[in-house]
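# A structural model of the following input is requested.
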Amino acid sequence: MAIQHAKNCLLIVMLTLAFTQVGAQTDEYPPNAKPGTCYLQVYTPNEYEYKEVTEIDRPAYTKSISVPAIYEYVYDTVVLRPSEKRLEVVAETYTTVIETVLVAPPTTRWETGKVDPNCLSPNPADCRVVCLVEVPAKYTTYSRKVLETPSYTRELNIPAEIKITTKRILKNPASTMAYEVPATYKTTMKRQLVKKGFIEWKEVICSDQINTDLVKNVQKALNDKGYDAGPVDGAWGGKSLVAMNKFQEEKGLPVTKVISLETLQALGVQR
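Numbers count the residues shown, from 1 in each chain. This next block holds a predicted model:
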């Protein structure tokens, strides 16, 4: 028990020196201390919490674009030759008539034929046959032109000769248009300081007040709350210290190397 007491005193001295070296701006001694009490300077770390923060991912900026010129097409009618009236003489027309004219009327004539082989006269002249034959009429054919329509004058309407041209004219000149591209945002979780850490005096159990029964009660309370402090044997070892520090961290208590009064109260242990 004396060895454990000496260890506890050494720890208190070491922690006090450590906090003094980091420039802790605290009083040299605990204020309003009572006789028979022990104190230890402990550092309460910064308290942080994660908050959803919306911040600019890309700031807004101005972007320029070129707007091309706009043209339109205009159709124009050009008169190459105006319309006019013109007189035109239409020539007469003829038709061809074919006529047949009688040159000689039909007649008859005698023709001497061949000797009849059946003739019995020894005189050949008596056996010659004379025949009266018809001579047909003779005609001649000729053609002549006959006036079909006489010549006349008519008025003609000559339409104008035009040409349609296309001309491109500028409607809107080329320009530059600027527009603002809005900013984009992103939401992230950031750790923010809620409470700044500080050094303060905390009442701890004096070494002469730490006995086997107190250590057992602390070990049992830690085990009952789910913190493995090892066997409840009254010997304050490394396992018991680790369990107590874990309990302190989760309860938001200052983490100490010795048993503090706040830790006893949180565990529900009477000293």
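
# just the C-alpha atoms of stretch 61-72, please, in PDB.
In PDB, the C-alpha atoms belonging to stretch 61-72 read as follows (Å, rounded to 0.1, in the frame of the first residue of the first chain):
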ATOM      1  CA  TYR A  61     -18.200  34.100 -62.500                       C
ATOM      2  CA  THR A  62     -19.000  36.000 -65.700                       C
ATOM      3  CA  LYS A  63     -18.800  34.200 -69.000                       C
ATOM      4  CA  SER A  64     -18.900  35.900 -72.400                       C
ATOM      5  CA  ILE A  65     -20.200  34.300 -75.600                       C
ATOM      6  CA  SER A  66     -20.000  35.600 -79.100                       C
ATOM      7  CA  VAL A  67     -23.300  36.100 -80.800                       C
ATOM      8  CA  PRO A  68     -22.900  35.900 -84.600                       C
ATOM      9  CA  ALA A  69     -24.400  38.500 -87.000                       C
ATOM     10  CA  ILE A  70     -27.900  37.800 -88.200                       C
ATOM     11  CA  TYR A  71     -28.700  38.300 -91.900                       C
ATOM     12  CA  GLU A  72     -31.900  38.200 -93.800                       C
END
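
# what's the spacing between that stretch and its chain's center?
21 Å (CA atoms, centre = their mean, to the nearest Å).

# got the contact list for it?
Applying CB atoms under 8 Å, 6 or more residues apart in numbering, the external contacts of stretch 61-72 come out as 168-181. (Each C-beta comes from the backbone N, C-alpha and C, glycine too.)

# quick one, domains of the protein?
2-53+195-267, 72-172 (automatic domain parsing).

# quick one, which of those is packed in tightest?
domain 2-53+195-267 (a mean of 15; mean count of other CB atoms under 10 Å).

# isn't Lys216 right next to Gly234, touching?
Yes - between Lys216 and Gly234 a contact is recorded at 4.7 Å, counting by CB atoms under 8 Å.

# looking at strand pairing, list the partners for the spatially most central residue of the chain.
By CA atoms, centre = their mean, the mean C-alpha position of the chain lies nearest to Val181, the distance being 16.0 Å. Beta bridges link Val181 to Tyr61, judged by DSSP bridges.

# please report how far it lies from Ser175.
To Ser175, Val181 is 19 Å away according to CB to CB, to the nearest Å.

# tell me the contacts of the residue nearest to the centre of the chain?
Applying CB under 8 Å, 6+ apart, the residues contacting Val181 are 60-63.

# same thing but at 7 Å, please
By CB atoms under 7 Å, 6 or more residues apart in numbering, the contact list for Val181 reads 60-61, 63.

# just Glu155 next, same as before
85, 87.

# about what we covered before: any idea which of the domains of the chain scores lowest on pLDDT?
Mean pLDDT is lowest for domain 2-53+195-267 among those, at a mean of 79.

# tell me where the protein has strands.
38-44, 47-58, 61-67, 70-81, 84-90, 93-104, 107-115, 128-135, 138-149, 152-158, 161-172, 175-181, 184-195, 198-204 (DSSP state E).

# and the third one with strand 161-172, angle?
In this structure, strand 61-67 runs at an angle of 170 degrees to strand 161-172, with axes from the mean of the first three to the mean of the last three CA atoms, to 10 degrees as the basis.
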